[in-house]
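Peer 1: Based on what follows, work out the 3D shape:
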Amino acid sequence: MKQELLIFVNRYLKAIKDENAAIFAGAGLSVGSGLVNWKGLLKDIAHELQLNIDKEHDLIALAQYYKNERGGRANINSQLIDEFTKNAEATDNHKILASLPIKTYWTTNYDNLIEKTLDSQGKTVDVKICSQNLATNKPRRDAVVYKMHGDISLAHEAVITKDDYESYNEKRQVFTTALQGDLITKTFLFIGFSFDDPNLEYILSRIRILLGVDTREHYCLLKKVVREEFETDEDYIHAKTRQGLKVNDLRRYRIQVLLIDDFKVITNVLLLLQIKLKRNNIFISGAAHEYDVWGQTKAEKFILNLSRKLAEKDYKIISGFGLGIGSSVINGVLSHVYSSTKKHLDDFLVLKPFPQNISDPIERERLWKRYREDMVSDAGIAVFLFGNKLVNGTVIDSNGLIEEFNIAVSNGVKVIPIGCTGYVSKQLWELVTSKFEDFYPHNEELNDVIISLGIYTEDESLIINNIIKAVNILQNLT
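Peer 2: Residues are numbered from 1 along each chain as shown. Model prediction:
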């Protein structure tokens, strides 16, 4: 991936973590689901007007011409309903975006794919279609979707003609005000727009009028002009020159354009954001009735210091409160939170103790497996410690640790077994170090660090530093 895209990912990742990220989605986001873009929507309308849609660049004017000629927009409304009530499936990009902790979405699209995908992720979505919607907020909402040009459910009010755009600030002024506030306080990613998208021009003009140069830096992913898209060299050179000028012009709006070679790159960028966000969540899996050479006191101190060090590095720890492990994990995180100013515990710790008092062993096993799957799937990295339990007076391997390891691997969670703690973790470390290629992208430095975690030493700080080093390396691997 290009360096400029990696820089964007890291910057936008920070905005997401700070809860200052927003998405602005254009028609291109939904095209992959089978829905039409502007040209596809107005193709039949252009034909009725005896115009060639491929030669029309001002598509908003085209919609207005049709309204003028037909004395109304009834047929445009019907076209909107026909095209945007199809049973379209969300794209991979919709699904990835919905999985990210982004709370603000703006869109010029009339379809409901964004809100449906967010809902499918179990999120409470507050959809703003008309001005009246902005007066009330849905309780405990996880995301707000602003449909600034309307929605297919109110096709007759959709913004599509020149009349609609010219009267926008009169009829939908509250959307303009809300957008202004978000542009000042959030970092936007414009996605699904093209250089000939009529909405982009109108949006940008509003941004400049609203904010001038006093705005945050925003980003826009746009596909690079390529020769194969044009019949002649002259047309290609013209388009390429125009694109370069347009990219430079967008800087006036504090929008940095990231040109991509292929639309698949957008998915790769979003996937990298998803991976990096998940790898900020560290699942600590462990169970210990005995601690072998460590001894209980030293082991508990080690786990406490490891958890505190991870919290100091701004990682969030997920724990199932494992036997002999959970209390030390909690104490380590708390020692960091209480020693810092303006820190919130839920920024550093997710505690998910297993349900108890389930008498039916089959039901307990089923429920605990599902619980493990939910817990592990929220993480991007899993650390494994010790791994034993007492059954009928005998210390045996912890099958729960093995199950959590298998769940992690099957979900793409990167595993770090601390072999020097012995028991199941030692077995998992032996498995991983015998087949590095099955668990990690190729990286010699990471391999060396993982190998070192199988060697016991009295210097616990050395082990902790190597665990942190492995976590940091994994942050930058895809």
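
Peer 1: in the protein, what secondary structure element scores lowest on mean pLDDT?
Peer 2: helix 198-211 (a mean of 67; mean pLDDT, DSSP states H and E).

Peer 1: The helix or strand just after that one - contacts with which helices or strands?
Peer 2: Counting by DSSP states H and E, the next helix or strand C-terminal to helix 198-211 is strand 218-223. With contacts taken as 3 or more CB pairs under 8 Å, 6 or more residues apart in numbering; DSSP states H and E, strand 218-223 sits against strand 187-191, strand 255-260, helix 264-278. (Glycine included, C-beta is placed from N, CA and C.)

Peer 1: Could you dump the ones you listed into a markdown table and include mean pLDDT, mean neighbour count and distance to Tyr66?
Peer 2: Below are these laid out as a markdown table (pLDDT from 0 to 100; neighbours: other CB atoms under 10 Å; distance: least, CB to CB, whole Å):
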| stretch | mean pLDDT | mean neighbour count | distance to Tyr66 |
| --- | --- | --- | --- |
| strand 187-191 | 95 | 23 | 28 |
| strand 255-260 | 92 | 18 | 31 |
| helix 264-278 | 94 | 18 | 32 |
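
Peer 1: tell me the phi and psi of the residue in the chain sticking out farthest from the centre?
Peer 2: Taking CA atoms, centre = their mean, the residue of the chain most remote from its mean C-alpha position is Gly393, at 47.0 Å. For Gly393, the backbone dihedrals (degrees, to the nearest 10) come out as phi 80, psi 0.

Peer 1: That one and Thr91, how far apart?
Peer 2: 56 Å (CB to CB, to the nearest Å).

Peer 1: Likewise for Arg370?
Peer 2: From Arg370 to Thr91 the distance is 28 Å (CB to CB).

Peer 1: more crowded one of these two?
Peer 2: More neighbours surround Thr91 than the other of Arg370 and Thr91, with 21 against 10 (other CB atoms under 10 Å).

Peer 1: How about that one, nearest residue that isn't a chain neighbour?
Peer 2: Gly32 (4.2 Å; CB to CB, 6 or more residues apart in numbering).

Peer 1: tally of neighbours for that neighbour?
Peer 2: 18.

Peer 1: just His218 next, same as before
Peer 2: 20.

Peer 1: tell me which residues form a beta bridge with it?
Peer 2: Following DSSP bridges, His218 is listed with bridge partners Ile255.

Peer 1: Could you chop this protein up by domain?
Peer 2: 3-276, 279-475 (automatic domain parsing).

Peer 1: how long is the shortest one from one end to the other?
Peer 2: Domain 279-475 has an end-to-end distance of 6 Å (CA to CA, to the nearest Å).

Peer 1: Can you point out the helix or strand that includes Leu390?
Peer 2: strand 388-391.

Peer 1: which helices and strands sit right next to the helix or strand following that strand?
Peer 2: Counting by DSSP H and E, the next helix or strand C-terminal to strand 388-391 is strand 394-397. Packing partners of strand 394-397 (3+ CB pairs under 8 Å, 6+ apart): strand 388-391, helix 423-434.

Peer 1: Tell me which of these sits most buried.
Peer 2: helix 423-434 (a mean of 20; mean count of other CB atoms under 10 Å).

Peer 1: Show me what that helix is packed up against.
Peer 2: Counting by 3+ CB pairs under 8 Å, 6+ apart, helix 423-434 packs on strand 381-386, strand 394-397, helix 399-410, strand 414-417, helix 444-452.

Peer 1: what residues does that helix touch?
Peer 2: 286, 288, 292, 384-388, 397-398, 401-402, 405, 415, 417-420, 439, 447, 450-451, 453-454 (CB atoms under 8 Å, 6 or more residues apart in numbering).

Peer 1: For stretch 368-379, the averaged confidence score.
Peer 2: On average, the pLDDT along stretch 368-379 is 89.

Peer 1: Hmm, I typed the wrong one, I wanted stretch 345-362.
Peer 2: So the average pLDDT for stretch 345-362 ends up being 83.

Peer 1: For it, which residues meet the burial criterion?
Peer 2: Residues of stretch 345-362 classed as buried by neighbour count (16 or more other CB atoms under 10 Å): 348-350.

Peer 1: now it, how far from the chain's geometric center?
Peer 2: Centre-to-centre, stretch 345-362 and its host chain are 26 Å apart (CA atoms, centre = their mean, to the nearest Å).

Peer 1: For that stretch, measure first residue to last.
Peer 2: OK, stretch 345-362 end separation, CA to CA: 35 Å.

Peer 1: Dump the buried residues of stretch 345-362 to a markdown table, plus distance to Gln173.
Peer 2: Shown next, in a markdown table, are these (distance: CB to CB, whole Å):
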| residue | distance to Gln173 |
| --- | --- |
| Phe348 | 42 |
| Leu349 | 44 |
| Val350 | 41 |
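
Peer 1: And these, which is closest to Ala46?
Peer 2: Using CB to CB, Val350 comes nearest to Ala46 of the buried residues of stretch 345-362, at 53.7 Å.

Peer 1: which SS state does the closest one fall under?
Peer 2: What DSSP: H, G, I helix; E, B strand; the rest coil gives for Val350 is strand.
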